[in-house]
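1. With the sequence up front, the predicted model follows.
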Amino acid sequence: MSHPHEKPDAGTTGGASARANDRLPTDERPADDVGLLEQLAEFSRGAGEFGSALEYYEQILKIALKARESGELVQHVWVQMASCRIQTGDFQGALALLDRALATPGEARSVALGRIHNERAWALTNLGRYTEAEKAFRDARDTVLDREKAAVLARAQNGLGTVAMRNGDWETASRAFQSALSGFRTIEDRDGVMRVLNNLGLMEKNRGNYEQAMVHTRHSLRVAEELGDSYSAAISLGNLGVVEFKAGDWCSAYESWSRALRMAEAIGDKAGTVVASLGLGNYHLHRRELDDAAAFYERAEVLSRELSEMRSLALTHEFRGDLALVRESYEDARQCYLTALELGEKIAPRGDVVLEALRRLANLESQLGQVAAARSYLSRAIVVASGMHDDYELGLLLRVRARIESSDGDVASARDSYLESVRLLESGGTVFDLAVSRAEFAAFCLENIVDLEEAARHLELARETFERVGAEYEAGHAYLLAAKLEMVCDHPTGEARHHLQSAMALLERVGSEEDQAALASMHRDIDRLLEETAASERNDLAALNETVSRIQRESDPRAKVRLIERALEERMNADRVCLMLTQGDSIVVSPDSGVNRAEADRAAEIVDALRGDHALEAKPIVSTSPMRDPRFASDADLVHGLGSVAFMPLFSEDEVVGGLYVDVCQEAGYFRQPELDFLVAFAPAAGLAVQEMRLDAVRDENRELRRRLARRSGFEGIITQSRRMLEILDLIERLGDSQATVLLQGETGTGKELLAHALQRSSGRASGSFVVVNCAALSQDVLESELFGHVKGAFTDAKADKIGLFEKADGGTIFLDEIDKTPVAFQERLLRVCDQGEVKPVGSAHVRHVNVRIICATNRSLLDLVEEGRFLKDLYYRLRVIQIEIPPLRERKEDIPLLVDYFLEHFNQTMGRSVRGFSHEAMNALVSHSWPGNVRDLRHEVERAVAMASGETMIRREDLATHVSANETSSMPVELAADQSLSDLVETIEKELVERALRETGGNRSHAARSLGISRRGLLNKIARYEIEL
């Protein structure tokens, strides 16, 4: 891409006054008037007064049209007027004039046609319409093939090279420019040679080959000076200044632009004066000589308006916006950039001015914390930059994107974007912009305490560049940042005070009051660091061990929390510390914390802003400058007065159980690396303390819950704090005296019989019989005889009449467990009991009426059995009047500590043991296990562990059964065998997942499908495909 104030040579030619006289008609024409007018027009163009030149050409056009002369003169004037339009940036107007030239009647010479195509191509190039431009340049080349017209061919090649250069196709551009250079040299057209050399210099500059760029540009300047062409010499000097500035030789750039300015002023070239003024304004802006920069920008704007030159005017607004941004006049900067964008869209909607304005707007909004606006401008800019293949601008845009990602808390993406920005600018950017990206990356690393060694390397390179080019303000901040980095690095070199002194020497000249305050703060921090270096690592470790021991010995939760907070206050010199606990998806301050309610709410909001939407990891989240941190831009008052904030998540196994929040005031500075190291080292002990407090609280809740459940009639022996289970108990209470049949559905071991007892005891039938029948344990004949009874002689062994269980349960409740195992004939007789309350003993012709409530249970889906024809549909709908789904234990893990505590107490009593409990690691293993056998399975494991324990011990993780203590999360293969394809591996994993889901749900296909997240039909297909036995 072109530098904002460089000037490519379009190959537009001027001095054609003599040729104009040759084209004038021979009869009664005011030839002297036309010749004089064209000379005046050419003189005006040379002085940069394109508006006056256009007026002279219009007078010539009127004379030619009035004389009704041949189209050749008219065509020539249209082309000259179009050239003026191109030089003023009115490319659309130029295209319209050139189209009229092509449409002019008469047979134009090939040279004239070639020039028209050339001018059209340059206008299209500047509008960003490169495909059309390339075709126009080829048309210009193809109109002339003989040697005498080589000038037009060379100009076309020069144009093709420019299009390729704009598209980033360096090889094509180089070939075209070399071809043009050869053509101009062949016909000894030194003016053409000069223009091609100028463009070669621009191409090498865009490729980042600054030395070669200066060779070509200086050669172009030398030719212009030999020709005595002050206008072209000023162009070359301006472009040479651009290359020198990009290469970091600001002093030479200043000299080149100053010479260009003097030369342009001497010949009255207003356009050249604008270009040189913009370059000098940028020089003074980068040197923080703001008043001088403003004066040059104002002069450029005045002249641009006089010339009606939209491109220069747009660039002036861009640079005045940069000046306003440095002065922190943010609204003025925004308006300047928006004006530049509006002008750029008129010139070329996909051109470089639009791209630069969008990039500046994105940068401004990101600095102001307006993330949504910044992201919108950034997206538009990236599209334009990609279309132009402009790696330099992409490098600058990636720096803005990194800042936005950092404000979102996406540290990993921000890091990648910063490094990609550095990579792109290394290959083709200015050394200053490269240094800015390096320094900003280092500041990002310091703020997030990541990649500190890499940050130091990039910062050192940036600082060297800033000092070399003379960017004192940026160099001062680089030294200040180096001092801060030294304060937190693992292996300090003792250079912090030296860095600070260097920063002071620079920023006292060009820094703001805020910079002076930062320097004073750093002085205090360094003094504090020197005072504390006597504390050795051994003392730190001893202090940590002593603190952990005190926390472990303390039994009172409130006192334990205060011990944790005081330890961090003392060791980290923190102003505020609070222990935070997880509460659902949120993290809130512990009610036992020493901070008040307002401070607790503030800490919680700060932590929410720090973490964003990202998952927590076992490392601290830090902001060493929260008042400048984009994460707090939307609510700056939240961190007002804070110098540094940090949050360390606390984990138990892989679960976040809370966190430690610490902050210091602005006067105290920011956290250093040893302090953050202590926070990280202290976190495991604090996490263990939190988990133990949680277990203690669960045990207390367990005892209270058991007392509460004991007070509820009918719920003896039920232990739960699960929301779903408590809802089931509430439903059972609400059923009360209801006579409706109830279907209990749940996996084996979930407590279906306990709930059936609760249904009976909480109803009006509590004093009646409660009969339990395991339908799976009886054959069809025995089942009918047992439930319905029989009369004497009904079958061989029927020696006497027998009353069935339905009659024995008369006035009470009968519980039919595993109802899904009954044959269809029995189901038909059971349906009669449910519908009519009648039973007929086996062998009897008489029915007997019974008043009994029926409760059924199953660990399978009866609806599945209905669909398979193995269960009566009518009976299914009769039994499911009230259907209760009992969740498996793996879906109510909060009940596991309660149940473990209950079973432990029970088996201690029955076995005469005095086991004190389960260790933290053992309890975690029990909670993490899937328990395919549910509560019954858990009961057996606790019984086994108690039986094997001895004395007043704690049951450890290694005391548990291997399949429990291992807490196996997967036994699936994760590597391809030598003879195994990827599809085979996928099938192996899929089969294992299906088999595991079926095991964990006791063969219930509906539940298994739900746990896998697939449809029931999809599960059946996989069972058949993999031939899985149920």
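-> In hand now; what should we look at? Residues are numbered from 1 along each chain as shown.
2. Which residues are in contact with the residue nearest in space to the middle of the chain?
-> Nearest residue to the geometric centre of the chain (Cα atoms, centre = their mean): residue 410, 5.0 Å. Residue 410 makes contact with 612, 614, according to Cβ atoms under 8 Å, 6 or more residues apart in numbering. Every C-beta, even on glycine, is put in place using the N, C-alpha and C of the backbone.
3. how far away is it from residue 614?
-> As for residue 410, its distance to residue 614 is 7 Å (criterion: Cβ to Cβ, to the nearest Å).
4. do residue 651 as well
-> Where residue 614 is concerned, residue 651 sits at a distance of 16 Å (Cβ to Cβ).
5. Comparing the two, which residue is more hemmed in?
-> residue 651 (19 against 13; other Cβ atoms under 10 Å).
6. Pretty sure that one sits against residue 618.
-> Yes - between residue 651 and residue 618 there is a contact at 5.7 Å, judged by Cβ atoms under 8 Å.
7. Tell me the residues that contact both of those two, please.
-> Shared between the contact lists of residue 651 and residue 618 (criterion: Cβ under 8 Å, 6+ apart) are residues residue 683.
8. end to end, how far does stretch 631-640 reach?
-> 13 Å (Cα to Cα, to the nearest Å).
9. what's that stretch in contact with?
-> Residues from elsewhere that reach stretch 631-640 (Cβ under 8 Å, 6+ apart): 368-371, 406-409, 602, 605-606, 609-610, 612, 623, 626-627, 629, 645.
10. Produce a PyMOL select command limited to the buried residues of those residues.
-> For the buried members of these, the matching PyMOL selection, counting by 16 or more other Cβ atoms under 10 Å, is:
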select buried, resi 369+370+371+406+407+408+409+602+606+609+610+623+626+627+629+645
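11. mind listing what's buried in stretch 238-246?
-> Neighbour counts using 16+ other Cβ under 10 Å place 238-246 of stretch 238-246 among the buried residues.
12. Could you check the pLDDT of the residue nearest to the centre of the chain?
-> The predicted local distance difference test score for residue 410 is 85.
13. cool, residue 269 as well?
-> With respect to pLDDT, residue 269 scores 84.
14. what about residue 508, how many neighbours?
-> By the measure other Cβ under 10 Å, the count of residues near residue 508 is 12.
15. hang on, it is in a helix, isn't it?
-> Yes - according to DSSP: H, G, I helix; E, B strand; the rest coil, the state of residue 508 is that of a helix.
16. Tell me where the stretch 51-200 of the chain has helices.
-> For the stretch 51-200 of the chain, the helices defined by DSSP state H, counting those that start in this stretch cover 71-88, 91-103, 110-126, 130-142, 150-166, 170-186, 190-206.
17. CA atoms only: put the first one into PDB for me.
-> Spelled out, that is helix 71-88. Listed in PDB are the C-alpha atoms of helix 71-88, where the atom choice follows Å, rounded to 0.1, in the frame of the first residue of the first chain:
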ATOM      1  CA  GLY A  71     -12.300  15.100 -33.100                       C
ATOM      2  CA  GLU A  72      -8.500  14.800 -32.500                       C
ATOM      3  CA  LEU A  73      -8.200  18.200 -30.800                       C
ATOM      4  CA  VAL A  74     -11.400  17.700 -28.800                       C
ATOM      5  CA  GLN A  75     -10.200  14.300 -27.800                       C
ATOM      6  CA  HIS A  76      -6.800  15.800 -26.700                       C
ATOM      7  CA  VAL A  77      -8.500  18.400 -24.500                       C
ATOM      8  CA  TRP A  78     -10.700  15.800 -22.800                       C
ATOM      9  CA  VAL A  79      -7.600  13.800 -22.000                       C
ATOM     10  CA  GLN A  80      -5.800  16.800 -20.600                       C
ATOM     11  CA  MET A  81      -8.800  17.800 -18.400                       C
ATOM     12  CA  ALA A  82      -9.000  14.200 -17.200                       C
ATOM     13  CA  SER A  83      -5.300  14.300 -16.200                       C
ATOM     14  CA  CYS A  84      -6.000  17.400 -14.100                       C
ATOM     15  CA  ARG A  85      -8.900  15.500 -12.400                       C
ATOM     16  CA  ILE A  86      -6.600  12.600 -11.600                       C
ATOM     17  CA  GLN A  87      -4.100  14.900 -10.100                       C
ATOM     18  CA  THR A  88      -6.800  16.500  -7.800                       C
END
